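Asks: pasting the sequence and the predicted model now:
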Amino acid sequence: MREVTLTFDNGPDEATTPRVLDVLRRRGIRATFFVVGNRLADPARRALMARAHAEGHWIGNHSFTHQGPLGARTDRGHAGAEIAMTEALIRPFAHPDRLFRPVGGGGRIGRHLLSAEAALHLQENRQTVALWSAVPGDWKDAEGWPEVAFAQCMAQARPVLVLHDIAGGAMAHLDALLGRLADAGATFAQEFPDAVVPMRRGVATPGFDAHVMPEGGPPAECRAA
Ligand SMILES: [Zn+2]
């Protein structure tokens, strides 16, 4: 049986997050919300994070400003601040594994995701890096994304789907997609499979470095590509 892990990035959003939570509650599905720290200055958005947590969803860290992939930044202190400032804001609600999802810049996975400073910070703070395996592009195609999401999920045994609880209307189709997946025999799991977790509680897997930009820029094999 195909198991799908659902994740919602870049929120909370005062209009969209409640709709997403309503859909998940009605269907009895638990997911993870990777929140952006600077969105939590608004008490209404903080309340939505609290509601998600109270309803059994996991809360993870998706940077403080969401300015771009951390691997692209070499200024000292940037990565540590992006991670730590949000970590402090979500602490009462955060999953004990201290989930962190890097900003992908369009959903790509690679060395741009983390800087060496980010990697060290995550390791020292015993954090868990939760990546993904399906990115249907809901933020750029509010109508077409469910078809892409369905195909991506059906093509994998254990998809981890990235969606966004942001303005734009895409999540109006969430319930229909979940229904279609369920009709196709899919079930929903909250856990992150090892394949998308290159670091768990500060312990890096052998493949972890493939997500870290070395100091001094991309290695030769990347520059050639
Ligand atoms: Zn994001």
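Replies: In hand now; what should we look at?
Asks: CA atoms for contacts and neighbours, from now on please.
Replies: Will do.
Asks: how far does the longest strand anywhere in the chain sit from the chain's center?
Replies: Among the segments of the chain that qualify as a strand by DSSP state E, the longest is strand 3-9. Counting by Cα atoms, centre = their mean, to the nearest Å, strand 3-9 is centred 8 Å from the centre of its parent chain.
Asks: contacts made by the helix or strand just after it with the rest, please.
Replies: Using DSSP states H and E, the next helix or strand after strand 3-9 towards the C-terminus is helix 16-27. The contact list for helix 16-27 (Cα atoms under 8 Å, 6 or more residues apart in numbering) reads 11, 30, 48, 52, 55, 165-167, 169, 171, 174-175.
Asks: near the ion, which residues of this protein are found?
Replies: 10, 103 (Cα under 5 Å from the ion).
Asks: all helices for the chain, in order.
Replies: Along the chain, counting by DSSP state H, helices occupy 16-27, 43-54, 78-90, 116-124, 145-154, 174-183, 220-224.
Asks: remind me what the third one packs against, helices and strands.
Replies: Pointing back at helix 78-90 there. strand 58-61, helix 116-124 (3 or more Cα pairs under 8 Å, 6 or more residues apart in numbering; DSSP states H and E).
Asks: tabulate the contacts of helix 16-27 (a markdown table), appending pLDDT.
Replies: Shown next, in a markdown table, are the contacts of helix 16-27 (pLDDT from 0 to 100):
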| residue | pLDDT |
| --- | --- |
| 11 | 98 |
| 30 | 98 |
| 48 | 98 |
| 52 | 98 |
| 55 | 98 |
| 165 | 98 |
| 166 | 98 |
| 167 | 97 |
| 169 | 97 |
| 171 | 98 |
| 174 | 98 |
| 175 | 98 |
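Asks: from the residues you listed, which two are the most distant?
Replies: Distance extremes for the contacts of helix 16-27: the farthest pair is 55 and 169 at 22.9 Å, using Cα to Cα.
Asks: counting neighbours, what do you get for residue 88?
Replies: Using other Cα atoms under 10 Å, residue 88 is surrounded by 12 other residues.
Asks: tilt between the longest strand of the chain and helix 174-183?
Replies: 170 degrees (axes from the mean of the first three to the mean of the last three Cα atoms, to 10 degrees).
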